[in-house]
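A.B. asks: build me a structure from this.
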Amino acid sequence: MPSASLRRVRTIHVIGIGAGDPDYVTMQAISALNDTEVFFAMDKGDTKDDLVALRRLICDRFITEPGYRFVELPDPKRATAGDYRDNVSEWHAARARLWAQAIETELGPDGVGAFLAWGDPSLYDSTLRILDRVAEHVEFEFDVIPGVTAIQALTARHRIALNGIGEPVLITTGRRLRDEGLPGDAVIMLD
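C.D. replies: Below is the predicted model of the structure:
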C-alpha cells in the first residue's frame, strides 16, 4: 500500500471567473484553468444557456492545450413554496449528490476537475458549501481561486468608494433588505 505522501487524490479547483467579462479572469485563474481536465457546469435550461457558453468561451480563450472537456449536469429544481432556507438546503443536498456521482465517474482517482464560479467563490456562491457536502461521499481535495466580483468591477468602473470613512459595508440580499430595511452603506446581491 502506498504511503500517504505518495497517494494520489482527485483535485477540484473552484475558480472565480470574474463578473462575466473575460478580461476580469486573473492569472491565477488562468493557471488553474490550464491544470484542469474536466469542467463541471450546471445546465440550467435554455433560458440560461449563455452561462455555460460564457464558461466555454473563457476556457477556449485561456487554455493553451486542448484535451479538456465539459460535463454538463442538469440543475435540480429548487422548491419555491415553503421555508426559503429549507428549500435551499434541500437543493444543495440534491446538487451534492449529483456532483459526487459526477466527480466519482468523470474523474480518475488522481484527476483534476473544476467548477467555474462567477465573481469570487467565497461571496454569494454556494459552490463551497455544496463541495463540503460532496466530501462526505467522495474523497478529493479542493482549492479556491478568488475572482473579481461584480462589486469590485462596478465600484471601480464608477469610481465609487464603497464605504463611508470608518464605516462598515453590509452585503445582503434583496430578500433581507425587504424584511429588515437598509441599515447604512450596503451592497444588495441577487436581487
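A.B. asks: which SSE is residue 12 in?
C.D. replies: Taking DSSP states H and E as the definition, residue 12 sits inside strand 11-16.
A.B. asks: what comes into contact with the helix or strand just after that strand?
C.D. replies: Toward the C-terminus, strand 11-16 is succeeded by helix 27-35 as the next helix or strand (DSSP H and E). The contact list for helix 27-35, computed with CB atoms under 8 Å, 6 or more residues apart in numbering, reads 13, 15-18, 25, 58-59, 62-65, 112, 114, 143, 145-147. Using the backbone N, CA and C atoms, a C-beta is placed for each residue, glycine as well.
A.B. asks: residue contacts, residue 147?
C.D. replies: 15-18, 24-26, 29, 117-121.
A.B. asks: who does the residue lying closest to it once chain neighbours are set aside form a beta bridge with?
C.D. replies: Closest residue in space to residue 147, ignoring its immediate chain neighbours: residue 16 at 2.0 Å, by CB to CB, 6 or more residues apart in numbering. On the basis of DSSP bridges, residue 16 is bridged to residue 117.
A.B. asks: can you report how many residues neighbour residue 16?
C.D. replies: 27 (other CB atoms under 10 Å).
A.B. asks: tell me where the chain has helices.
C.D. replies: Per DSSP state H, the chain carries helices over the ranges 27-35, 49-62, 84-106, 127-134, 150-157, 174-180.
A.B. asks: just put those in CSV and tack on mean pLDDT.
C.D. replies: Shown next, in CSV, are the helices of the chain (pLDDT from 0 to 100):
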stretch, mean pLDDT
helix 27-35, 97
helix 49-62, 89
helix 84-106, 94
helix 127-134, 95
helix 150-157, 86
helix 174-180, 78
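A.B. asks: beta partners of residue 170?
C.D. replies: With DSSP bridges as the rule, residue 170 is bridged to residue 186.
A.B. asks: give the contact list for it.
C.D. replies: Contacts for residue 170 were tallied using CB under 8 Å, 6+ apart; they are 183-187.
A.B. asks: narrow the residues you listed to those that are buried.
C.D. replies: 186-187 (16 or more other CB atoms under 10 Å).
A.B. asks: of the contacts of residue 170, which is the nearest to residue 125?
C.D. replies: Closest approach to residue 125 among those (CB to CB): residue 187, at 14.5 Å.
A.B. asks: and that closest one, what's its pLDDT?
C.D. replies: Reported pLDDT at residue 187 in the predicted model: 73.
A.B. asks: and it, what does it touch?
C.D. replies: Taking CB under 8 Å, 6+ apart, we find residue 187 in contact with 151, 162, 169-172.
A.B. asks: would you turn these into CSV with distance to residue 127?
C.D. replies: Below are the contacts of residue 187 laid out as CSV (distance: CB to CB, whole Å):
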residue, distance to residue 127
151, 18
162, 24
169, 23
170, 23
171, 17
172, 20
